[in-house]
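>>> Mind folding the following:
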Amino acid sequence: TISALFVAISIPRVIGEVKAFFPVEVGLTQLFKLLRPSENQGQIQSGPCLVGGGFRQGPQLAHCHPGFTPGGLTLQRPCLILFFSFSIGITADHYLRFTPSLWLAAAAAVWLLCLLLRRAGRYEAACLLLVVSLAGAVRSSVADRVYPAYHISNFVNREEVVLLSGSVSSDVENRETGGRFTVFATQIAVLDTVFRAVGAVLVNCKRFVPKISVGDRVRLRLMLEIPQPVRNPGAFDYAAYLRRKGVFRRGRVGAATDLEILDSAAPSPASLVIAPIRSHVRQIIRQNLSGAPAALVESVLLGDKSALPDAIREDFSRAGVSHVLAVSGLHVGLVAVGAFFCVRSFGGGATAGSIGTTFAVWLYAVVTGLPASVVRAATVATLVVWARSGQRQIDGLNALGAAGLVLLAFRPLDILDLGFQLSFAATSGILLLHRPFTDILALRGGRIWRAWGAAPLAVSVAAQVTTAPLIISAFGQISLIATLANVAVIPLMS
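Residues are numbered from 1 along each chain as shown. Down below sits the predicted model:
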């Protein structure tokens, strides 16, 4: 209620801010200029204040809009700035663990301070960024700690077997020890007492793989247990990983007779489109490959590493190329380029190419399960194709910030996931360091060496430099051949 009140109060002020930057006749295509900083933008015209979109020069912006002073916030990369501010708030909530009401009260106090400082014309930008950070903290605390009393996380470990009813919420993973899937619980029966429940439970089947589909209503006889937290400093915290995925309890089904299907899933878009695509791809792979090669291709195409042997994972990790086993920006880029040129080759225009590319990349993102790296790449690809369709250039770092904002708005806890951190660190490193590293490596060599030698090597070096601290912190080791290995492996994987 308080948030809605703040929004209602802010609407006239926000409209005034927008009108100060843009004349009324500016169309939606002009908004793409926010993603395109340029050295020649930021020019001031007489009459209505018109800023070209880059907002590079602080004095020009201050002259155009007195609320922003030179040396204050310039909107060269607004999405990137907001992304960092929002991320800081989520990280602060992870360590401080304040209640949502306390974070909201802090946001209200800072917002009132913004209103006071606006009249003085000082520190307004810093206060606005602080409000964004506090909004990130509120979003994180709500996602992490606001659950109803009957949530599955409030059920303690019990020694007796319980009856768990719910709907299947994930595909069944075929593992060496049996099947594994997730159930979204609706009720739990303990002895003669039935409790209402809500929340996800990770179910492991002992030496059998059930034939169930997403959406099926099932009843399971199992023992609920709380995932064990990390015991050694620096070790992988599996319980925290499950909690970020929305899973708070685990259960083990000992026999196939302990799993009962109450009702089959009703047809849904996922069952009519996504599931057939995944099963069709798996069928094609298994018709041509078997064993570890089949598992490797499934991992690369669909992001399903459940059947991948541990030895292969270890080999890729020691070589520093384990990222190719996960669906990432490389895969989305290939899908986007392929879809775009397919549409254009059949006579489609720029708009048709943008629509087809957007549909293809987001369909692929949904098929692979919407991991953070794919959502990031799909968002950036969407911004790029539509900006090019409108004959606009796009700033890579600003587009990366926009992708991060979209992802964290829906899944704020992803920022604590190592995959999210590595994905954004590698992309940032490539955007920031690729050109200077290419210039350094191409000091002695011609155009052929620059295009086919220095440029690919610079991409690998830039990604390794920015991800090395995270890799060392998480795993305690780093591959010495990763830079050269990526130069060879990535073209082969492509």
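>>> where exactly do the helices run in the stretch 151-300 of the chain?
238-244, 269, 275-288, 291-302 (DSSP state H, counting those that start in this stretch).
>>> lowest-confidence stretch among those?
Ranked by mean pLDDT, those end with helix 269 at the bottom, a mean of 67.
>>> gap between residue 348 and residue 387?
Per CB to CB, to the nearest Å, residue 348 is found 18 Å from residue 387. C-betas here are computed from N, CA, C, even on glycine.
>>> hang on, I meant residue 314
Residue 314 is 41 Å from residue 387, by CB to CB.
>>> List the residues that contact the most centrally placed residue in the chain.
The centroid of the chain falls nearest to residue 372 when counting by CA atoms, centre = their mean (2.8 Å). By CB atoms under 8 Å, 6 or more residues apart in numbering, the contact set of residue 372 is 407, 411, 414, 417, 419-420, 423.
>>> confidence score at it?
Residue 372 is given a pLDDT of 84.
>>> Pull the contacting residues for the closest residue in space to it that isn't next to it in sequence.
Using CB to CB, 6 or more residues apart in numbering and skipping residues adjacent in sequence, the residue nearest residue 372 is residue 420, 4.2 Å away. Contacts of residue 420 were listed using CB under 8 Å, 6+ apart, and they are 372-373, 407, 414.
>>> which one of these has the most neighbours?
Taking other CB atoms under 10 Å as the neighbour criterion, residue 373 ranks highest of those with 26 neighbours.
>>> quick one, longest helix in the protein?
helix 418-441 (DSSP state H).
>>> From the rest of the structure, what touches the helix or strand just after that helix?
Using DSSP states H and E, the helix or strand that directly follows helix 418-441 along the chain is helix 447-449. The contact list for helix 447-449 (CB under 8 Å, 6+ apart) reads residue 442.
>>> returning to what we had before: quick one: the residue nearest to the centre of the chain and residue 412, what's the gap?
Taking CB to CB, one finds residue 372 at 12 Å from residue 412.
>>> Identify the residue spatially nearest to residue 413, adjacent ones excluded.
residue 244 (4.4 Å).
>>> dump the residue contacts of that neighbour.
So residue 244 contacts 413-414, 416-417 (CB under 8 Å, 6+ apart).
>>> out of those residues, which one sits closest to residue 106?
Distance to residue 106 across those (CB to CB) is lowest for residue 413, with 20.2 Å.
>>> Can you report how many residues neighbour the closest one?
20.
>>> Helix, strand, or coil at it?
Secondary structure for residue 413, judged by DSSP: H, G, I helix; E, B strand; the rest coil, is helix.
>>> and it, how far is that from residue 252?
From residue 413 to residue 252 the distance is 26 Å (CB to CB).
>>> now do residue 128
From residue 128 to residue 252 the distance is 50 Å (CB to CB).
>>> Looking at these two, which has the bigger crowd around it?
A count of neighbours by other CB under 10 Å puts residue 128 above the other of residue 128 and residue 252, at 20 against 16.
>>> would that one count as being in a helix?
Yes - under three-state DSSP, residue 128 falls within a helix.
>>> Go ahead and confirm it touches residue 114.
Yes - between residue 128 and residue 114 there is a contact under CB atoms under 8 Å: 6.0 Å.
>>> Name the helix or strand of the chain that has the lowest mean pLDDT.
helix 58-64 (a mean of 36; mean pLDDT, DSSP states H and E).
>>> The helix or strand following that one: how far from the chain's middle?
Where DSSP H and E defines the elements, the next helix or strand beyond helix 58-64 is helix 78-96. With CA atoms, centre = their mean, to the nearest Å as the basis, helix 78-96 stands 14 Å off its chain's centre.
>>> What are the buried residues along helix 78-96?
78-94 (16 or more other CB atoms under 10 Å).
>>> With stretch 179-190 instead?
179-185, 188.
>>> Throw those into a markdown table and include pLDDT, thanks.
A markdown table is the format used below for these (pLDDT from 0 to 100):
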| residue | pLDDT |
| --- | --- |
| 179 | 90 |
| 180 | 91 |
| 181 | 93 |
| 182 | 93 |
| 183 | 94 |
| 184 | 93 |
| 185 | 93 |
| 188 | 92 |
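>>> Which one of these is nearest to residue 139?
Using CB to CB, the buried residues of stretch 179-190 come closest to residue 139 at residue 184, 22.1 Å.
>>> what sits against the closest one?
166-169, 198-201.
>>> Once you drop chain neighbours, what's closest to it?
residue 169 (4.5 Å).
>>> Next up, phi/psi of the one you found, please.
phi -120, psi 10 (degrees, to the nearest 10).
>>> Check the one 3 residues further on too.
Geometry field for residue 172 lists phi and psi as phi -80, psi 120, criterion degrees, to the nearest 10.
>>> okay, now it: neighbour count?
Residues lying near residue 172 (other CB under 10 Å) number 20.
>>> can you check residue 216 too?
19.
>>> how near is it to residue 340?
Residue 216 sits 38 Å away from residue 340, taking CB to CB as the criterion.
>>> pLDDT weak spots in this structure?
Low-confidence segments of the chain (pLDDT under 70): 1-75, 119-123, 158, 266-271.
>>> Show me where it has its strands.
In the chain, the strands defined using DSSP state E lie at 162-168, 173-175, 178-190, 193-205, 217-225, 247-253, 259-263.
>>> I'd like these as CSV, with distance to residue 299 appended.
Output for the strands of the chain, formatted as CSV (distance: least, CB to CB, whole Å):
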stretch, distance to residue 299
strand 162-168, 22
strand 173-175, 12
strand 178-190, 16
strand 193-205, 20
strand 217-225, 27
strand 247-253, 21
strand 259-263, 27
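>>> Indicate which one of the ones you listed is closest to residue 457.
Nearest of those (CB to CB): strand 173-175, 37.3 Å.
>>> Give me the nearest residue to residue 305, chain neighbours excluded.
The shortest distance from residue 305 to any non-neighbouring residue, by CB to CB, 6+ apart, is to residue 299 (4.5 Å).
>>> got the contact list for that neighbour?
Taking CB under 8 Å, 6+ apart as the test, what residue 299 contacts is 305, 308, 325-326.
>>> What number of residues are in the vicinity of residue 400?
Neighbour number of residue 400 under other CB under 10 Å is 24.
>>> separation between it and residue 407?
11 Å.
>>> Mutual contacts of those two, please.
In terms of CB under 8 Å, 6+ apart, residue 400 and residue 407 are both contacted by the residues residue 376.
>>> residues contacting residue 471?
Counting by CB under 8 Å, 6+ apart, residue 471 has contacts 422, 477-478.
>>> Cross-check the contact I'm expecting between residue 237 and residue 227.
No - using CB under 8 Å, residue 237 is not in contact with residue 227; the gap is 9.4 Å.
>>> buried ones in stretch 294-314?
Those buried within stretch 294-314 under the rule 16+ other CB under 10 Å are 294-305, 307-308, 312.
>>> Just the CA trace of it, in CSV.
C-alpha atoms of stretch 294-314 as CSV (Å, rounded to 0.1, in the frame of the first residue of the first chain):
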residue,chain,number,x,y,z
ALA,A,294,24.6,-38.1,-26.6
ALA,A,295,24.7,-36.6,-23.1
LEU,A,296,27.2,-34.0,-24.3
VAL,A,297,25.1,-32.9,-27.2
GLU,A,298,21.9,-32.7,-25.0
SER,A,299,23.9,-30.5,-22.6
VAL,A,300,25.1,-28.2,-25.3
LEU,A,301,21.7,-27.9,-27.1
LEU,A,302,19.1,-28.1,-24.3
GLY,A,303,21.1,-27.3,-21.2
ASP,A,304,20.3,-30.7,-19.7
LYS,A,305,23.5,-32.0,-18.0
SER,A,306,21.8,-34.7,-15.9
ALA,A,307,23.1,-37.6,-17.9
LEU,A,308,26.6,-36.1,-18.5
PRO,A,309,29.3,-38.3,-16.8
ASP,A,310,31.3,-36.7,-14.1
ALA,A,311,34.5,-37.5,-15.8
ILE,A,312,33.6,-35.4,-18.9
ARG,A,313,32.6,-32.5,-16.6
GLU,A,314,35.9,-32.7,-14.9
